[in-house]
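Trainee: Provide a 3D model corresponding to the input given below.
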Amino acid sequence: MLKRMILAALATAFVAAFALPVQVAPAAAEGMSCKQSAKAKYADDRKARRAYKKACHAHHKAMKKAHKK
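Mentor: Numbering: from 1, shown residues only. Just a heads-up that it's a prediction; the model follows:
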């Protein structure tokens, strides 16, 4: 009985680990706007989300200017 309880707990933990949301890395956020990637990375911290969004936007503008033909 104890063996089945332990196996059930491990199976539940294993399934729950795959169900958890994965944080979006800046490199993986390609195709998302700065606002969307900031929201995904800092869902509950408004100040960090704003700082990340500003840095992302500045980086995007610098890259756009550097690759301008």
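
Trainee: who touches stretch 46-63?
Mentor: 26, 34-35, 37-39, 41-43 (Cβ atoms under 8 Å, 6 or more residues apart in numbering). C-beta: built from backbone N, CA, C; applies to glycine.

Trainee: now those: which count as buried?
Mentor: 34, 37-38, 41-42 (16 or more other Cβ atoms under 10 Å).

Trainee: centre of the chain to the least confident helix or strand in the chain by mean pLDDT, how far?
Mentor: Least confident element among the helices and strands of the chain, by mean pLDDT, DSSP states H and E: helix 2-19 (a mean of 81). Averaging C-alpha positions (Cα atoms, centre = their mean, to the nearest Å) puts helix 2-19 26 Å from its chain's average.

Trainee: buried sites along stretch 48-68?
Mentor: In stretch 48-68, the ones that count as buried by 16+ other Cβ under 10 Å are 49, 52-53, 56.

Trainee: packing partners of whichever helix or strand Gln36 is part of?
Mentor: Following DSSP states H and E, one finds Gln36 within helix 34-41. On a contact count with 3 or more Cβ pairs under 8 Å, 6 or more residues apart in numbering; DSSP states H and E, helix 34-41 meets helix 46-66.

Trainee: any idea of the mean pLDDT in the helix it packs on?
Mentor: For helix 46-66, mean pLDDT rounds to 92.

Trainee: tell me how far it lies from the chain's centre.
Mentor: The answer for helix 46-66 is 16 Å, by Cα atoms, centre = their mean.

Trainee: can I get the CA coordinates of that helix in CSV?
Mentor: The C-alpha coordinates for helix 46-66 follow below in CSV (Å, rounded to 0.1, in the frame of the first residue of the first chain):
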residue,chain,number,x,y,z
ARG,A,46,4.9,45.8,-12.7
LYS,A,47,8.1,47.8,-12.2
ALA,A,48,10.4,45.1,-13.5
ARG,A,49,8.0,44.6,-16.5
ARG,A,50,8.2,48.3,-17.3
ALA,A,51,12.0,48.3,-17.1
TYR,A,52,12.3,45.2,-19.3
LYS,A,53,9.9,46.7,-21.8
LYS,A,54,11.9,49.9,-22.1
ALA,A,55,15.2,48.0,-22.4
CYS,A,56,13.7,45.7,-25.0
HIS,A,57,12.4,48.6,-27.0
ALA,A,58,15.7,50.5,-26.9
HIS,A,59,17.5,47.3,-28.0
HIS,A,60,15.1,46.9,-30.9
LYS,A,61,15.6,50.5,-32.0
ALA,A,62,19.4,50.2,-31.8
MET,A,63,19.3,47.0,-33.9
LYS,A,64,17.0,48.6,-36.4
LYS,A,65,19.3,51.6,-36.8
ALA,A,66,22.4,49.5,-37.0
